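1. pasting a predicted model and its sequence here:
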Amino acid sequence: MDTMAFDGSCNPNPGGCMGMGWVVTLHDSSFSILGNDRHEKSDYNNALFAEYLALKKGMLEYVRAEGQGPLKVLGDSQTVIYQMRGIYAVMDDEIREIHHEIKNLIREHELDIYFQWIPRAQNHKADKLSKTKHKVKLVCPNSRTCIAEVGSIRISKNLKAKISDLNSCKTPTSLMFRKLHPGSKDMFSETRFHELQEMAGAHATSIALREFPGVSRKSKHCQAEALRWMLRGLAVDLAIEKVRSDILRKDNRKKNKSKRNKDSEQKRSKQASNARSKYYFNVKRRMYYQ
């Protein structure tokens with residue numbers, strides 16, 4: 001049986017930021033799909049609505065993954081589970097609307113579905129995703145594919161240990177990706193793109209091209225970086241996620257730098273304006289006494 005676990009959060013409740021997390025696992029596949037989303041603060045936000053949004057988004061993810069059922073939906077919100085099973089009535093108009101949308105989705109795709117309540121301790125993955133501030137979309141294989149054996153690659157012991165830890169971790173964090181860097185140049189750092197393609201093989205290259213399409217300089221750089229990490233022994237899906245993490249961090253640095261520059265420019269402009277005002281004040285005062 002396929003499974004889909006979901007969870008929603010709202011901090012503070014009501015009126016805070018809503019977070020949604022879901023984990024989709026197909027019984028005939030070797031991977032799980034982890035995802036999340038966030039909605040900014042609003043007076044209409046609440047924990048129950050977040051739970052329903054997480055359920056809907058998880059269901060849509062399951063349909064996109066071409067799940068055929070039977071599907072077991074797991075959640076730690078007794079209200080949502082029992083309302084979906086028809087045990088509790090849906091009283092709120094906004095909740096009733098999204099409840100109907102989910103029911104229509106089930107009918108449209110003719111899904112054989114069963115809703116089951118579980119304790120929060122058993123729903124820790126979806127719970128953690130719902131409280132994660134950055135957006136996550138990760139295909140997490142139960143048995144990861146590596147194109148190179150990390151132990152046989154000529155890289156530093158520290159880097160080998162970090163890659164091994166990532167490969168064995170089912171849900172790597174952004175901090176783990178941030179700490180992953182070569183430290184110094186290795187045998188792959190300056191290898192040209194066409195050479196990386198030959199070393200990695202056609203399958204790995206096709207994945208890099210699919211995930212970072214295009215022929216621009218930025219796209220080529222991302223494709224090359226993904227292949228470099230695969231050749232260092234990092235699992236294929238994690239190599240892609242590592243490059244995405246680096247892009248996001250670089251973009252955030254640029255935004256912060258631009259903001260700092262703007263703030264400093266405004267400060268200098270204000271100081272110059274104050275200096276001019278002081279100068280004219282002194283000139284007028286001298287003219288008055290003369």
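-> Everything's here; your move. Residues are numbered from 1 along each chain as shown.

2. element containing residue 251, please.
-> Taking DSSP states H and E as the criterion, residue 251 maps to helix 236-289.

3. correction: residue 3
-> Residue 3 belongs to strand 2-11, assigned by DSSP H and E.

4. now do the helices in the stretch 1-150 of the chain.
-> With DSSP state H, counting those that start in this stretch as the definition, the stretch 1-150 of the chain shows helices at residue ranges 47-64, 78-84, 93-108, 124-130.

5. which of those has the lowest average pLDDT?
-> The weakest mean pLDDT among these belongs to helix 124-130, with a mean of 90.

6. send me that one as CSV with only the CA atoms.
-> Output for helix 124-130, consisting of C-alpha atoms alone and laid out as CSV, is shown next (Å, rounded to 0.1, in the frame of the first residue of the first chain):
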residue,chain,number,x,y,z
HIS,A,124,8.0,13.4,12.9
LYS,A,125,9.1,13.7,9.2
ALA,A,126,6.1,15.6,8.0
ASP,A,127,6.0,17.6,11.3
LYS,A,128,9.7,18.7,10.8
LEU,A,129,9.0,19.7,7.1
SER,A,130,6.0,21.8,8.2
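
7. so what secondary structure elements neighbour it?
-> Counting contacts by 3 or more Cβ pairs under 8 Å, 6 or more residues apart in numbering; DSSP states H and E, the secondary-structure elements packed against helix 124-130 are strand 2-11, strand 17-25, strand 31-39, helix 47-64. (Glycine included, C-beta is placed from N, CA and C.)

8. pipe the ones you listed into JSON lines and attach mean neighbour count and distance to residue 206 per row.
-> Supplementary listing: these in JSON lines, determined by neighbours: other Cβ atoms under 10 Å; distance: least, Cβ to Cβ, whole Å:
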{"stretch": "strand 2-11", "mean neighbour count": "24", "distance to residue 206": "27"}
{"stretch": "strand 17-25", "mean neighbour count": "25", "distance to residue 206": "24"}
{"stretch": "strand 31-39", "mean neighbour count": "20", "distance to residue 206": "18"}
{"stretch": "helix 47-64", "mean neighbour count": "22", "distance to residue 206": "21"}
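
9. distance to residue 189 for these - can I get that in TSV?
-> Compiled in TSV, those are given as follows (distance: least, Cβ to Cβ, whole Å):
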stretch	distance to residue 189
strand 2-11	40
strand 17-25	36
strand 31-39	30
helix 47-64	37
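
10. ok, which of these comes nearest residue 125?
-> Using Cβ to Cβ as the criterion, the shortest distance between residue 125 and the helices and strands packed on helix 124-130 is 5.0 Å, found for strand 17-25.
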